[in-house]
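# Starting from these lines, generate the structure:
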Amino acid sequence: MLSELVVHNFAIISRLHVTFDPGFTVITGETGAGKSILVGAVNLILGSRASQDMIRTGADETTVEALFTFENPDVLASRLRGLDAEPSTELVIKRTVSRLGRNRVFINGRLATLAQLQALAMGLISISGQHEHQILLNPDIHLDLLDQYGNLGEAASKVARAYAEWTQRLDAFRRLQRVKAQRQEQTDFLRFQLQELERARLVPCEDEELQAERKILHHAATLHEAAQAAYGLLYRDHGSVLEKLGEIAKHLKTIADIDPTQKPALDHVEQARIHAEESSFLVQHYAGSIRFDPARLAEVEDRLAVLGRLAKKYGPTVADMIRKRDELRKAMGEGADVDWEESVLRKEANQAEERLRALAEELSRQRQSVAEKLRSEVEEVLALLDLPKARFDVMFSTPQQDDPESFSSLVSAKGIDRVEFLLSANPGEELKPLAKVASGGELSRILLALKTLLSRQGEAETLIFDEVDTGIGGRTAELVGRQLQHLSERFQVLCITHLPQIACFGTHHYRVIKHTSGETTQIAIARLRPQERVEELARMLGGVSITEKTLAHAKEWLERAQPPTFRKYNTSDKSC
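Residues are numbered from 1 along each chain as shown. This is a model prediction of the structure:
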């Protein structure tokens, strides 16, 4: 139950502190006094979207706090699970919005996220405003209302999960079919590419080796001449390096025999002779290996030309071409598994569809059974709201069970049903969609009837009605007031209204007043005592001029609407 509401710097509210009691509370005031601003503040507490426009002019931030009380601490404990909050029978929600864009939420003094607030606030308060009249005309919400009324949430969730699984399987099957079709179109091209690469008989690194060989073949004469010249200088010619090193070694040996300290110099020269001799043998062998082979050069050029053409298609190196060839082999090999994979996915999709169909059809049967009960109970409530001859019905659009294509095209996460509420407000009229037949007053009563019935399913502990009396008056308004009073026996009901026929039924009565001082405007809310209630009802009845007859009329209404325990005041005693 909403026990207290504290508002700072919200719209034209400077500071407001309101205490609410159980039962039926009415809130009245002049048009434009700011009654609906309170609903905006409550919406902020429930996690609605915040805007800097909400902040009062001249203020840096707006703050809204709400205290909710629970008779059963276990109920609150289940809501607070996961928020690391202490067990309690009270819930305090605080939300601040600053001009700097900071949006902070506190739950029982602990900082929380907006998502946590929205999850926590679900079911705390149900707000019915004028905009819901238009929402009620949208058939898309009728199915949700039917499920909510029939407590079909769990069955609907099973259908939603089955639908998600079916669509996942079906999407996988269809993706594979698309891949298969694309692969079929590309098979010939892939086969041509693979054959071209396999005919090339690629050898790892052969492009590098062939380029090196071509370079040698191109410069064979130069290489042979240079090798022969080097061999002559090292070994073959008179005065060669080896001959000179031999002479140097003789002289160093003479020195070393006399002066052993010079032995290292001799050793170095001997090593140089060995290296020079080995180098001469290598150069001689290399010179003998040089071939002047124009035929081989042509072969190498032809092979490099083939690799060059392949490089333009499959990659700049032979390694890239081999990688591409292996990928093509794998792709061609995988084609054999596609048919088997397709059959597996088709079977899984069919099984998922069967499960979905069974759950959706069972949910549809439950909905149709619930719809009969809803039809009867809505008509009963409408009769209490001065629509005794009204007929209400729920129209189903459900595919034939033996039509697979119809099932696939119409099934959704909500099942196979499309429902729309129908109404015939007067005898002799056909049942038609609400959007085509319902007036504003009739929509108000239908909305109240649905809220009355949904509240029995535990929709929320606090019900707020924001001027849902649009289009009604007189006897109908009185009946609506009685229905709200009856509803307050099980729930806390807060109703913002302009009609005295409704306001007189409230157990508690608040009046909203707007004050203007210079360029500053703010609103205040006051709880009315019995005599003040009579005066407020008289104002609502008589407008500017309030006579004794108007006061007597207001008193009569209040006494008739309230239980005997309420009728203890004296209209002349304003201190009561």
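
# what is the rounded mean pLDDT of the longest helix anywhere in the chain?
Using DSSP state H, we find that the single longest helix of the chain is helix 318-384. On average, the pLDDT along helix 318-384 is 86.

# Work out the sheet partners of the helix or strand following it and label each with its direction, please.
Sequence-wise, the next helix or strand downstream of helix 318-384 (DSSP states H and E) is strand 391-397. Next to strand 391-397 in the sheet, as set by DSSP bridges, lie strand 418-424 (antiparallel).

# Kindly list the main-chain dihedrals of Ala390?
In terms of degrees, to the nearest 10, the main-chain angles of Ala390 are phi -70, psi 140.

# That should have said Ala66, apologies.
The phi/psi pair for Ala66 (degrees, to the nearest 10) reads phi -140, psi 140.

# Skipping adjacent residues, who's closest to it in space?
Nearest residue to Ala66, sequence neighbours excluded (Cβ to Cβ, 6 or more residues apart in numbering): Ile45, at 4.6 Å. C-beta here means a position set from N, CA and C on the backbone, and glycine is covered the same way.

# Spell out the residue ranges of the helices in the stretch 201-350 of the chain.
Shown for the stretch 201-350 of the chain, the helices assigned by DSSP state H, counting those that start in this stretch span residues 206-218, 220-231, 241-258, 263-289, 294-314, 318-384.

# Now do the shortest one: which elements does it pack against?
Think helix 220-231. helix 263-289 (3 or more Cβ pairs under 8 Å, 6 or more residues apart in numbering; DSSP states H and E).

# switch the cut-off to 10 Å
On a contact count with 3 or more Cβ pairs under 10 Å, 6 or more residues apart in numbering; DSSP states H and E, helix 220-231 meets helix 206-218, helix 263-289.

# Pull the contacting residues for the closest residue to Glu196 other than its chain neighbours.
Spatial nearest neighbour of Glu196, chain neighbours left out: Leu310 (7.3 Å); criterion: Cβ to Cβ, 6+ apart. For Leu310, the contacting residues are Glu196, Leu197, Ala200, Leu202, Asp207, Val318, Asp320, Met321, Lys324, Arg325, by Cβ atoms under 10 Å, 6 or more residues apart in numbering.

# low pLDDT regions in the stretch 51-200 of the chain?
Applying pLDDT under 70 to the stretch 51-200 of the chain flags residues 75, 82, 84-87, 129-135.

# now the helices for it?
Secondary structure of the stretch 51-200 of the chain by DSSP H, counting those that start in this stretch: the helices cover 73-80, 114-121, 131-136, 142-149, 153-199.

# Can you tell me which of those helices is most buried?
Neighbour counts (mean count of other Cβ atoms under 10 Å) averaged over each of these peak at helix 142-149, with a mean of 20.

# could you redo the helices of the stretch 201-350 of the chain as TSV and give each row distance to Gly123?
Shown next, in TSV, are the helices of the stretch 201-350 of the chain (distance: least, Cβ to Cβ, whole Å):
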stretch	distance to Gly123
helix 206-218	73
helix 220-231	93
helix 241-258	103
helix 263-289	93
helix 294-314	64
helix 318-384	20
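
# mind listing what the spatially most distant residue from the centre of the chain touches?
In the chain, the residue that sits farthest from the middle, by Cα atoms, centre = their mean, is Ile258; the gap is 99.2 Å. By Cβ under 10 Å, 6+ apart, no residues touch Ile258.

# Distance of the most centrally placed residue in the chain relative to Ala220?
Closest to where the C-alpha atoms of the chain average out (Cα atoms, centre = their mean) is Ala115, at 11.7 Å. To Ala220, Ala115 is 80 Å away according to Cβ to Cβ, to the nearest Å.

# With Thr89 instead?
From Thr89 across to Ala220, the span is 102 Å (Cβ to Cβ).

# same check, this time on Leu152
On the measure of Cβ to Cβ, Leu152 and Ala220 end up 92 Å apart.

# Those two - which one has more neighbours?
Counted by other Cβ atoms under 10 Å, Leu152 and Ala220 do not tie: Leu152 has more neighbours, with 18 against 15.

# what's the closest non-adjacent residue to that one?
Spatial nearest neighbour of Leu152, chain neighbours left out: Gln366 (5.9 Å); criterion: Cβ to Cβ, 6+ apart.

# ok, back up a step: count the residues that sit near the residue nearest to Ala66.
22.

# Who are the contact partners of it?
So, once contact is read as Cβ under 10 Å, 6+ apart, Ile45 ends up touching 2, 5, 7, 64-66, 68, 93-95, 105, 117, 121, 124-125.

# now Tyr231
Contacts of Tyr231 by Cβ under 10 Å, 6+ apart are Asp237, Ser240, Ser279, Ser280, Phe281, Leu282, Val283, Gln284, His285, Tyr286, Ala287, Gly288.

# circling back to that earlier point, quick one: which of the contacts of Ile45 is the most crowded by neighbours?
Val7 (27 neighbours).

# Check the gap between that one and Gly40 for me.
In this structure, Val7 and Gly40 are 10 Å apart, going by Cβ to Cβ.

# anything in contact with each of the two?
The contact sets of Val7 and Gly40 overlap at Ile13, Val64 (Cβ under 10 Å, 6+ apart).

# just so I know, which of the helices of the stretch 201-350 of the chain lies nearest Val411?
Val411 lies closest to helix 318-384 among these, at 6.1 Å (Cβ to Cβ).

# what angle separates the closest one from strand 418-424?
Helix 318-384 and strand 418-424 are oriented at 20 degrees to each other (axes from the mean of the first three to the mean of the last three Cα atoms, to 10 degrees).

# Direction-wise, compare helix 318-384 with helix 206-218 and give the angle.
Using the same axes, to 10 degrees: helix 318-384 against helix 206-218 is 150 degrees.

# Determine how far helix 318-384 lies from the middle of the whole chain.
21 Å (Cα atoms, centre = their mean, to the nearest Å).
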